[in-house]
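Chemist: Prediction below, plus the sequence it came from.
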Amino acid sequence: MHMRCITAMPRSLAQFDSIGSNTIKTVFAEGLSAYRAGRFAEAEGVCNRVLETEPDHADCRHLLGVIFYQRGNYAAAVNHIALSLKIRPQNLQALKNLGNALKALKHLDQALAIYNHALAMKPDDAEAHLHIGKLLMGLGRLEEALDSYERAVCLRKDCAEAHCDKGNALFELRRFELAIASFGDALALQPDYVEAHNNRGNALVKLERLEEAVASYDSALALRPEYAEVHSNKGNALLGLNRFAEALSCYDRAIALQPELAETYSNRGDALYNMGRFQEALASCDRAIVLRPRCAEAHSNRGNALVGLADFEEALASYGRAVAIQPDYTHAHFNESICRLLIADFSNGWKKYEWRRQTNIIRDERRFFAQPQWTGSDEVDGRTILIHAEQGLGDTLQFCRYAPLVAQRAGRVILEVQKPLKALMMSLPGIAQIISFGETLPAFDFQCPLLSLPLAFGTRIDSIPADAPYLFAPEEKRNFWRDRIGRHKNLKVGLVWAGAARNRADQQRSINFDCLAAVVQSEGCEFYSLQKGQDAVEQLRNSPLRDRVIDWTDDFQDFSDTAALIEHLDLVITVDTSVAHLAGALGKPFWLLNRYNTCWRWLLDRDDNPWYPTARLFRQDSARQWAPVITRVCAALHDHVRRFGLD
């Protein structure tokens, strides 16, 4: 995602001291007045008349240089200001303006020398420090730029521009908290400083304080509603909040104001992809690439859209182009891994999947250890290995199956998992110690992230360790829930209709409880809610069908309670969330209501799954509607109830 920090244009003009005869002084004053009124052509004409009479009029040369600078004719600006300085070498403002013109011509070393010369004349000139800071920023010499900005701030504490530019340097140095403070200082001095509002929003995005970022962007837009880049940046923040429709609106507004923003088209494609509008996403990414053919992000986002359209060969080609443009582009590598795993290219997919650890998907969860990562090749007999969970609860439930396999090769295995799973994981055989995040780690020799174990074991589609059950609820909890359920003749069915809203795919994978109306009215069944999450639970409790579903979820302390209840059910019907993995790990039959652009774990074009022998998949077709899925589930449930009765 491309985020634009905006820098205010430098103030390149200053006062002019008039010299010469009274007539020339009067004429030059008229020219200066015309310039200040924005009548540049008139001002230029006045200067030329003065120079006809007095060719060495330094102020006229200087003013002409500044006029040419404003018009974008930087070479002419350099020429005239240099002539002015030959006449009056100690003109500090002319020196700084010469530096500005040289900088505009990309003669950066010369510009830096001129600015330093200005500082030699007046070391406490805050504006010169500010100019040097901007130039050093352009050269990527960020620490030196920050030092210059700090000097400018010390000399001119009331200069909002210096505080803002200091914030920009801190932002580029990834010191986001300090950057926010500097932008705040700028805004305290100048509340209508649009660039400071925008750039503060950018720093807040980096800290994932997205709601605050949106507020900062709104403040900038209240001051300047037609600022395309701020609309685009606001869209990025909304995209991070999974508010895709609002993000799309911001991108559309930015493009309407400035149609050539390639990065905005790319991010717009990302928003459309997450809304399931894959063809439109593809078109938006293609437009980004037309505008900027070497935009790696656009090629990667294009690949995602093509995966949504099931054009996997072309998707892989797009990811390849992204990586060719930017070999270290982590998200392109990661997106390619997801595509390869989805099409069951495990040999390449697991290798590429290691790039996940460089992306923001798990960047905040990354662990850094002195101990080496076990890759499957190291001899670990008699050694201790720490296996540490990552990502979501479903990931841990799916891949903890590998921990006992590691235990067969190592002397001792320690498994670190999310706290809600700790009690349930105690049932894994061969594990020496189960700990939850935040507990003190014991000594170990090797470590391995849980989702790197398929690579370590060289897992192929035909070698998935799929024996189930491989998890079991604690006996005392199984007994408790057995007694609470009691004996029933009807088919006992657990239900889950929504995942965690923070998941980017949630709008596509989750459904409203009302969508299950036909299911919960099926005869011969007793339904039990396994649904957590306040909003989703409220859907049940506010439904006229609430009495058709038994809801004991308030009594669940952790996943071991959920598991214990599931062990006494006959079937689980769920959307793609952690309960699906839990049911599969328990060896319980489960039916997955699966979106069209499926998660890679469920693979393609099959209604079973090699990871879970008890799974049955009910997929959306290309129309991406849930109603046909529910119709098929109802028919299958009717048949299941009939066979259950015969048993």
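Modeler: Yes, it's here.
Chemist: Any stretches of the chain with poor pLDDT?
Modeler: 1-22, 361-365, 503, 645-647 (pLDDT under 70).
Chemist: List the buried residues of the longest helix anywhere in it.
Modeler: The residue-count maximum for a helix in the chain (DSSP state H) belongs to helix 627-646. For helix 627-646, burial by neighbour count (16 or more other Cβ atoms under 10 Å) applies to Val629, Ile630, Val633, Leu637, His640, Val641, Phe644. Where C-beta positions appear, they are placed from N, C-alpha and C, glycine not excepted.
Chemist: Phi first, then psi, for Gln531.
Modeler: phi -80, psi 130 (degrees, to the nearest 10).
Chemist: Can you list the residue ranges for helices in the stretch 51-200 of the chain?
Modeler: 58-71, 74-87, 92-104, 108-121, 126-138, 142-155, 160-172, 176-189, 194-206 (DSSP state H, counting those that start in this stretch).
Chemist: sorry, back to before: would you list the buried residues of helix 627-646 in JSON lines and tack on distance to Ala288?
Modeler: Converted to JSON lines, those look like this (distance: Cβ to Cβ, whole Å):
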{"residue": "Val629", "distance to Ala288": "34"}
{"residue": "Ile630", "distance to Ala288": "37"}
{"residue": "Val633", "distance to Ala288": "40"}
{"residue": "Leu637", "distance to Ala288": "46"}
{"residue": "His640", "distance to Ala288": "48"}
{"residue": "Val641", "distance to Ala288": "52"}
{"residue": "Phe644", "distance to Ala288": "54"}
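Chemist: Nearest to Leu63 among those residues?
Modeler: Val629 (73.9 Å; Cβ to Cβ).
Chemist: contacting residues for the closest one?
Modeler: The contact partners of Val629, taken as Cβ atoms under 8 Å, 6 or more residues apart in numbering, are Leu593, Asn594, Phe618, Arg619, Gln620.
Chemist: Grab the nearest non-local neighbour of the fourth one.
Modeler: Leaving aside its chain neighbours, Arg619 sits nearest to Asn594 (4.7 Å; criterion: Cβ to Cβ, 6 or more residues apart in numbering).
Chemist: any idea how far Gln358 lies from Ala332?
Modeler: 11 Å (Cβ to Cβ, to the nearest Å).
Chemist: er, Leu223 actually
Modeler: 37 Å.
Chemist: same deal with Ser300?
Modeler: Where Ala332 is concerned, Ser300 sits at a distance of 4 Å (Cβ to Cβ).
Chemist: Now for the two: what residues contact both?
Modeler: Common neighbours of Ser300 and Ala332 (Cβ under 8 Å, 6+ apart) are Tyr319, Ala322.
Chemist: OK, contacts around the residue lying closest to Leu102 once chain neighbours are set aside?
Modeler: Distances taken as Cβ to Cβ, 6+ apart put Ala111 closest to Leu102, at 3.9 Å, once the chain neighbours are dropped. Residues near Ala111 by Cβ under 8 Å, 6+ apart: Gly99, Asn100, Leu102, Lys103, Leu135.
Chemist: Output the residues you listed in CSV, with distance to Glu172 and neighbour count appended to each entry.
Modeler: Formatted as CSV, those follow (distance: Cβ to Cβ, whole Å; neighbours: other Cβ atoms under 10 Å):
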residue, distance to Glu172, neighbour count
Gly99, 21, 29
Asn100, 21, 27
Leu102, 23, 24
Lys103, 18, 22
Leu135, 14, 23
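Chemist: and which of those residues is nearest to Gln521?
Modeler: Among those, and counting by Cβ to Cβ, the member closest to Gln521 is Leu135, at 71.8 Å.
Chemist: Quick check, that closest one in contact with Leu108.
Modeler: Yes. With contact taken as Cβ atoms under 8 Å, Leu135 and Leu108 are classed as touching, separated by 6.1 Å.
Chemist: Not counting sequence-adjacent ones, nearest residue to Ala432?
Modeler: Closest to Ala432 by Cβ to Cβ, 6+ apart is Arg412, at 4.5 Å.
Chemist: Could I get the phi/psi values of that neighbour?
Modeler: Dihedral angles for Arg412 - degrees, to the nearest 10 - are phi -160, psi 140.
Chemist: partner residues bridging it?
Modeler: Beta-bridge pairing for Arg412 (DSSP bridges): Thr384.
Chemist: ok, it - contacts?
Modeler: For Arg412, the contacting residues are Arg383, Thr384, Ile385, Ala432, Gln433, by Cβ under 8 Å, 6+ apart.
Chemist: between Gln358 and Ala332, which one's more packed in?
Modeler: For Gln358 versus Ala332, neighbours defined as other Cβ atoms under 10 Å are more numerous around Ala332 (29 against 16).
Chemist: That one reaches Leu316, doesn't it?
Modeler: No. Checked against Cβ under 8 Å, the pair Ala332 and Leu316 is beyond contact range at 10.8 Å.
Chemist: what touches both of the two?
Modeler: Common neighbours of Ala332 and Leu316 (Cβ under 8 Å, 6+ apart) are Gly303.
Chemist: tell me which residues in the helix or strand Ser347 falls within are buried?
Modeler: If you go by DSSP states H and E, Ser347 is part of helix 346-353. For helix 346-353, burial by neighbour count (16+ other Cβ under 10 Å) applies to Phe346, Gly349, Trp350, Lys352, Tyr353.
Chemist: I'd say the third one and Leu451 touch.
Modeler: Yep, that's Trp350 we're talking about. No. Contact between Trp350 and Leu451 fails when scored by Cβ under 8 Å: they sit 9.3 Å apart.
Chemist: on that earlier part again, got the contacts of Arg412 as CSV, with neighbour count and distance to Glu172 columns?
Modeler: Formatted as CSV, the contacts of Arg412 follow (neighbours: other Cβ atoms under 10 Å; distance: Cβ to Cβ, whole Å):
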residue, neighbour count, distance to Glu172
Arg383, 17, 43
Thr384, 19, 42
Ile385, 25, 40
Ala432, 14, 46
Gln433, 15, 44
